[in-house]
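Asker: Pasted the sequence and its predicted model underneath.
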Amino acid sequence: MLTEVRQEVYAMHTELVRYGLVSWTSGNVSGRDPDSGLVVIKPSGVKYEDLRPEMLVVVDLAGEVVEGTLAPSVDTASHLHIYRHRPDVRGVVHTHSPYATAFAALERPIPIYLTSMADEFGQAIPCAAYAPVGSEAIGEEVLRWLASCPVVLLAHHGVFAIGPSPTAATKAAVMAEDAARICYFALQLGQPQELPAEEVARAYQFHIRNYGQRKNG
C-alpha cells in the first residue's frame, strides 16, 4: 500500500542518519497519504541499518494498523494527533538531535541569532512544556506551538517538525539542528545579540518570495 509515500518516508529515515539527527533506533518519520488519509510510520525499535520500505507500518488516524506485521513507533499517537488537527500537514518528524535537544534539556527556545534562521523559520524555535511519552499528550503540547513555526522543541525530550511532505518536515528538522549547533558554538564565545524582530520579518518575507527557482508563466 501507498508505495510513493512509503518510499519517501523510508528515504527520509536515511536522511536522519545522514545528518546525524538520530542514534541507534531513536526518532521517526511519518507521512500521510492525501487521498486515503492513511499514515506510514517507522516500526518501533528497528535499527536504521535494518529498515526497509516494506517494514514501514500503515495506520489509520485512529491508530489501527492497516498494513504491516511490526508494531508502529511508540510516538504514533503524537504523530496522529497532529495529523487529525492539521489537515495541511503531510509529514511529521521526531528526533533527539543533540544540539537542539540540548536546548530542550534546559527548557530554552533556540534564539534567532542568524539570518539563515530568520529565512527558514521567521522566529525563534519555541520550547514546549514536558509531556509523557506514549499518549497524545506530546501531540497536544507541541501542537500549541506548531501554528507559528514548523519546528518545536519538547522540554527534556527532543524535536518535532512538520511539513506539507515528509521531505519538507525532514528539512525543517535538519535546519533546526544546524541553527542549534551554530547557536551553541556562538554561546561558547560570548553572548550574541538576537536579530531585531523587524529584520527577522523582512528576511523571512524576502526568502519566501525570492529563494529557489521560479516557474515562468
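Answerer: Great, that's in hand.
Asker: hey, let's count contacts and neighbours off CA atoms from now on
Answerer: Will do.
Asker: bridging residues for the residue nearest to the spatial centre of the chain?
Answerer: Central residue of the chain (Cα atoms, centre = their mean): residue 161, 2.0 Å from the mean position. Beta bridges link residue 161 to residue 93, residue 151, judged by DSSP bridges.
Asker: for the record, mean pLDDT for stretch 180-190?
Answerer: For stretch 180-190, mean pLDDT rounds to 98.
Asker: What residues sit buried inside it?
Answerer: 180, 181, 183, 184 (16 or more other Cα atoms under 10 Å).
Asker: Contacts made by it with the rest, please.
Answerer: Applying Cα atoms under 8 Å, 6 or more residues apart in numbering, the external contacts of stretch 180-190 come out as 99, 100, 103, 110, 111, 113, 192.
Asker: what does stretch 160-168 give?
Answerer: Outside stretch 160-168, the residues touching it (Cα under 8 Å, 6+ apart) are 8-9, 12, 29-32, 88-95, 142, 146, 150-154, 169-170, 172-173.
Asker: Narrow the residues you listed to just the buried residues.
Answerer: By neighbour count, with 16+ other Cα under 10 Å, those hold 8-9, 12, 29-32, 89-95, 142, 146, 150-154, 169-170, 172-173 as buried.
Asker: Quick check: residue 190 vs residue 107, distance?
Answerer: Here residue 190 is placed at a distance of 20 Å from residue 107 (Cα to Cα, to the nearest Å).
Asker: scratch that, residue 127 is what I was asking about
Answerer: Separation of residue 127 from residue 107 (Cα to Cα): 6 Å.
Asker: which neighbours do the two share?
Answerer: Here residue 127 and residue 107 have 154, 155 as joint contacts, going by Cα under 8 Å, 6+ apart.
Asker: Remind me which helix or strand residue 78 belongs to.
Answerer: According to DSSP states H and E, residue 78 maps onto helix 76-85.
Asker: meant to ask about residue 188
Answerer: Under the criterion of DSSP H and E, residue 188 resides in helix 166-189.
Asker: Off-centre distance for that helix?
Answerer: How far helix 166-189 lies from its chain's middle: 11 Å, per Cα atoms, centre = their mean, to the nearest Å.
Asker: in the following helix or strand past that helix, what's buried?
Answerer: Following helix 166-189 in sequence order, the next helix or strand is helix 197-210 (DSSP H and E). Residues of helix 197-210 classed as buried: 200, 201, 203, 204, 205, 207 (neighbour count, 16+ other Cα under 10 Å).
Asker: For the fifth one, report the pLDDT, please.
Answerer: Okay, so that is residue 205. Looking at residue 205, the pLDDT reads 96.
Asker: likewise the second one?
Answerer: With respect to pLDDT, residue 201 scores 97.
Asker: what do you get for residue 133?
Answerer: Taking residue 133 on its own, its pLDDT is 88.
Asker: just use 3 as the starting number from now, easier for me
Answerer: Fine by me, first position is 3 from now on; the one you just mentioned is residue 135.
Asker: more neighbours, residue 129 and residue 109?
Answerer: residue 129 (25 against 19; other Cα atoms under 10 Å).
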